[in-house]
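Asks: Predicted model and sequence follow; I will ask about them next.
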Amino acid sequence: MKNLIAFPVLLLAFVIQSAIASRIPLLAGSADLPLVILAAWALQERVELAWLWALVAAIFAGFFSAVPVAAYFLGYLLVVGLARFVQRQVWQLPILAMFTVVFMGTIFFHLLVYLTLRLYGSPILFEDALSLITLPTLFLNFFLAIPVHSLMRDLALWVYPSEELI
Amino acid sequence: MKDFFSRSAQAAILFLVVAGILALALGGYLGFISTNFNTLLVSAQSWLSVRFVAVQEFITLPRNSTSLIQENAALLEEISRLQTQVVQYQQQVAETQALAALVNFSRSNPDNLYTAASVIGRDPSPFLHYLIIDRGSADGIRRGMPVVTAQGLVGRVDAVISNAARVQLITDPASAVNARLENAGRDVVMVGSVAGDLSLDLVAQDVILETGDILLTSGLGGVYPPDLLVGQILNVRKRDSDIFQQATVQPVVDFSTLKIVLIVTDFRPVDISPLIPVP
């Protein structure tokens, strides 16, 4: 039942992404709020079934985006997996872990989307994708990283209260 | 008795002196003295008045300051409210102007049927250039319908749900529009890019491309109706050593500020892919 919170949170994230974030471009890139939320959520130690959030996010992305939904499923699962891996390695430094996951997650996710679109015949040049989309998106995602991490930490505390609080 | 006469004499002398002075004054013989006296008096009064007003202001300032601060806050609030109102009116005016332009466009192009839709979002992925509009299959929108504004071609409907649709812009990297050069009368293919630029690629060297040439849809391929304005050539890259020439196109539509669009609902795109021979 606790994981049902994923639906309103991610739906709101995609609505904000589609209505606001996508309209504030930096070159051709824009902040990727759902990805940053997924990374921040999966980094919370007390969170269980973070991969479920990846699946929910991919389903919503399929409604909003014209990118083949398989890319979202793979990409978001990759980001969550990466976050869980990094969380076990550098758990003492959550902010560092957040920046690491956002950086690597954005790179891997964009690479996956790029390859998928190329597979579907979209003539996107790699240099253009890297310089006009991925690097500006990385920059904007870093701006979102800390506030989103704080929000997700509070949300995780609310959804999974510690035993002392109970 | 002696004292009585002495006091009477003093009073008489005093009376005579005062009467004499008055007589002199009334006779105009004391004008110089009275002028100097008046000047001195006015100066003294002015000095005193200025000091008094200063002291009065000093004493009453805190009370006035408080009322001024309150008044200032109220005025700032009023300004803020009025500014909000102005912004709302400006938005309404802009929306009305956009709608009026679309109405004019639909009146001047009565051959087609149009449905207006508001732009409510964009594709979350920066790799693609798609819009999300607030009209869907319940409003008669179908996949493949062209989307235009009063300025010209926007794109085509790519996916539809009951109350929303996704529109692929002509600037999308996967978009290709068959266009016709208005002056040269030659057909070209216009493609988008990740940066949102439009360009003409693979244009034969014998085609005369000039800056400012108007591009219209040709109708070839059956994806878009013919003669929709698309843009004009911004610059041409032509080298004798190349097989083809290229050109950058300035779209007539500002895609970053799109708010309302028209969907051409009576146009049915033709899928010619089964007719294309497979090697």
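Replies: Nice, thanks for sending it over. Numbering: from 1, shown residues only, chains lettered A, B, ... in the order given.
Asks: Contact residues of chain A facing chain B?
Replies: For chain A, the residues found near chain B under the criterion CB under 8 Å from any CB of the partner chain are A:14-15, A:17-19, A:21-23, A:25, A:27-30, A:32, A:34, A:61, A:63-67, A:110, A:113-114, A:117, A:120-125, A:128-129, A:132-133, A:137. C-beta: built from backbone N, CA, C; applies to glycine.
Asks: One more pass at 7 Å, please.
Replies: Residues of chain A found near chain B (CB under 7 Å from any CB of the partner chain) are A:14, A:17-19, A:22-23, A:28-30, A:61, A:64-67, A:113-114, A:117, A:121-124, A:128-129, A:132-133, A:137.
Asks: Which ones among those map onto helices?
Replies: With helices identified by DSSP state H, the entries of the residues of chain A next to chain B that belong to them are A:F14, A:Q17, A:S18, A:A19, A:A61, A:F64, A:V113, A:Y114, A:L117, A:D128, A:T137.
Asks: Name the nearest of the residues you listed relative to chain B.
Replies: Within those, distances to chain B taken as CB to the nearest CB reach their minimum at A:S18, with 3.5 Å.
Asks: Please list all residues in contact with that closest one.
Replies: With contacts defined as CB atoms under 7 Å, 6 or more residues apart in numbering or on different chains, A:S18 is in contact with A:F64, B:G121, B:R122, B:P124, B:I132.
Asks: mind checking how far B:R122 is from B:I133?
Replies: Computed as CB to CB, to the nearest Å, the B:R122 to B:I133 distance reads 11 Å.
Asks: more crowded one of those two?
Replies: B:R122 (29 against 26; other CB atoms under 10 Å in any protein chain shown).
Asks: what's the pLDDT at the residue nearest to that one when sequence neighbours are not counted?
Replies: Nearest in space to B:R122, with sequence neighbours left out and distances taken as CB to CB, 6 or more residues apart in numbering or on different chains, is A:S22 at 3.9 Å. We have a pLDDT of 87 for A:S22.
Asks: Which residues are in contact with A:S22?
Replies: Neighbour list for A:S22: A:S30, B:R122, B:D123, B:P124 [criterion: CB under 7 Å, 6+ apart].
Asks: ok, the second one touching A:R23?
Replies: Yes. In this structure, B:R122 is within contact of A:R23 by CB atoms under 7 Å, at 6.1 Å.
Asks: mind checking the end-to-end distance for stretch B:214-232?
Replies: End-to-end distance of stretch B:214-232: 4 Å, with CA to CA, to the nearest Å as the criterion.
Asks: pLDDT averaged over it - what is it?
Replies: Mean pLDDT, taken over the full extent of stretch B:214-232, equals 88.
Asks: Okay, buried residues for that stretch please.
Replies: Of the residues in stretch B:214-232, those buried under the neighbour-count criterion (16 or more other CB atoms under 10 Å in any protein chain shown) are B:214-219, B:221, B:223-225, B:228-232.
Asks: before we move on, back to that, could you identify the buried members of the ones in helices among the residues of chain A next to chain B?
Replies: By neighbour count, with 16+ other CB under 10 Å, those hold A:F14, A:Q17, A:S18, A:A61, A:F64, A:V113, A:Y114, A:L117, A:D128, A:T137 as buried.
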